[in-house]
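Asks: here you go, sequence then predicted model.
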Amino acid sequence: MKKILLPLLTLILALTPALSSAEEAKAKPEKEETPLEKSMDALNKSWRKLRKQAADPAQNASSLVLLAAIQAATKESLSYSPDLARDVPADKRDQFIAGYKKKIKETIVGFDQVEIALKAGDNKSVVEMLTKISALQKEGHKEYKRPE
């Protein structure tokens, strides 16, 4: 009986800290999303779907609907400042926000070009443009999004 209880007791004691830290993680309130994060979350759902179907000309009508949602969310994000701006010294904050808005405007121009290519049925160009926009997005997130 002792041979069974000792390993079982050891296992229970080993798991206790893991279980309590999991409970603590659940007890911590989640950070509330900023309006910009909400806008970007909405954009991201359409963005992923658009990238998956961009090469298929039969999906162009659907792709244009997705793109319209992406464009609206991107334009909406111009009215917000990234949360990270609060951490930037006051004397550099305006320049930081201006850089963010410039990056968003570049993205909007990219999406406008995607729209033109979709309407023309040039799906090969659409895929290439989405790849460039994806790189621009990663660059922007690296610079303007708070690390998680």
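Replies: Looks like it came in fine.
Asks: counting contacts, what elements does the longest helix seen in the chain pack onto?
Replies: With DSSP state H applied, the helix covering the greatest number of residues in the chain is identified as helix 90-120. The contact analysis (3 or more CB pairs under 8 Å, 6 or more residues apart in numbering; DSSP states H and E) places helix 90-120 against helix 60-77, helix 123-144. C-betas here are computed from N, CA, C, even on glycine.
Asks: tell me which of those helices sits nearest to Lys92.
Replies: helix 123-144 (13.2 Å; CB to CB).
Asks: near the residue nearest to Phe96 when sequence neighbours are not counted, how many other residues are there?
Replies: Nearest non-adjacent residue to Phe96, counting by CB to CB, 6 or more residues apart in numbering: Val88, 4.6 Å away. Val88 has 15 neighbouring residues, counting by other CB atoms under 10 Å.
Asks: same question for Lys138.
Replies: Lys138 has 11 neighbours, counted by other CB under 10 Å.
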